[in-house]
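# coordinates only, no sequence provided:
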């Protein structure tokens, strides 16, 4: 029964208030964020899932009005078509790659400039040598400038902070937390934290 219900879910205009428009991927209508371009699964076509994405990934825009999201929707629409008329799904991958590299820079506590001065140049050389110039041009689109890396790290930091606030302000006021310590291959101590809490009537685990 749950599967049949999920298949029937359709995009409604009110979902733009959560920062989502819709896209047809392989003949299936899926929600797409107009801020980060991420395409969620068809089972996420529901207000609770869309709101969760907005509150955790883009909390700084949670209070923006409909006009703000409409502007981003129009901007996204201009980028959806390439010369052949096909959607540039690559845009999503480029943004995600930028976030992933920025996260690694933050974990290693390296200067933000390392993305543009070392990581990207090396990546371009490796990709060109192994995969060719076409792949190199794709990697070239990944933004790793000092300002971009700083902004990505700040956004991810704000997302983590927002999650903590949501847990503390949970309507039930109930959550469980578990901590453990492990040692990495470099003999460095690592703190592991698991938390389970109630969010929008669903039990979440991070």
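Alright, I've got the coordinates. What you see is a predicted model, and the numbers here were worked out from it, not measured in a lab. Numbers count the residues shown, from 1 in each chain.

# domains of the protein?
Following automatic domain parsing, one finds the domains of the chain at 1-88, 89-169, 171-206.

# tell me the buried residues in the last one?
Buried residues in domain 171-206, defined by neighbour count with 16 or more other C-beta atoms under 10 Å: 175, 197, 198, 199, 204. Where you see a C-beta, it was placed from the backbone N, CA and C, and this is true even at glycine.

# contacts only, for residue 94.
Residues near residue 94 by C-beta atoms under 8 Å, 6 or more residues apart in numbering: 138, 141, 142, 143.

# how does it look with 6 Å?
By C-beta atoms under 6 Å, 6 or more residues apart in numbering, the residues touching residue 94 are 141, 142.

# what about stretch 53-70, average pLDDT?
The predicted model gives stretch 53-70 an average pLDDT of 88.

# kindly report the same for stretch 135-144.
88.

# equivalent analysis for stretch 160-178, please.
Mean per-residue pLDDT for stretch 160-178: 71.

# tell me the backbone dihedrals of residue 52, please.
Reported as degrees, to the nearest 10, the phi and psi values for residue 52 are phi -60, psi -40.

# what's the answer for residue 156, then?
Taking degrees, to the nearest 10 as the convention, residue 156 sits at phi -70, psi -40.

# residues near it, how many?
Residue 156 is flanked by 15 other residues according to other C-beta atoms under 10 Å.

# how about it: what's its closest non-neighbour residue?
In space, and not counting its chain neighbours, residue 156 is closest to residue 103: 6.4 Å by C-beta to C-beta, 6 or more residues apart in numbering.

# can you check residue 44 too?
Closest to residue 44 by C-beta to C-beta, 6+ apart is residue 31, at 5.7 Å.

# list the contacts of the one you found.
With contact set as C-beta under 6 Å, 6+ apart, residue 31 has these partners: 20, 40, 44, 45.

# that one belongs to a strand?
Yes: secondary structure assignment (DSSP: H, G, I helix; E, B strand; the rest coil) places residue 31 inside a strand.

# which residues does it bridge with?
residue 22 (DSSP bridges).

# before we move on, back to that, the residue nearest to residue 156 - how many residues pack around it?
For residue 103, using other C-beta under 10 Å, the count is 14.

# check contacts around residue 42.
Here residue 42 is in contact with 28, 30 (criterion: C-beta under 6 Å, 6+ apart).

# just to revisit the earlier point, for the residue nearest to residue 44, give its distance to residue 195.
Separation of residue 31 from residue 195 (C-beta to C-beta, to the nearest Å) stands at 26 Å.

# just residue 201 next, same as before
17 Å.
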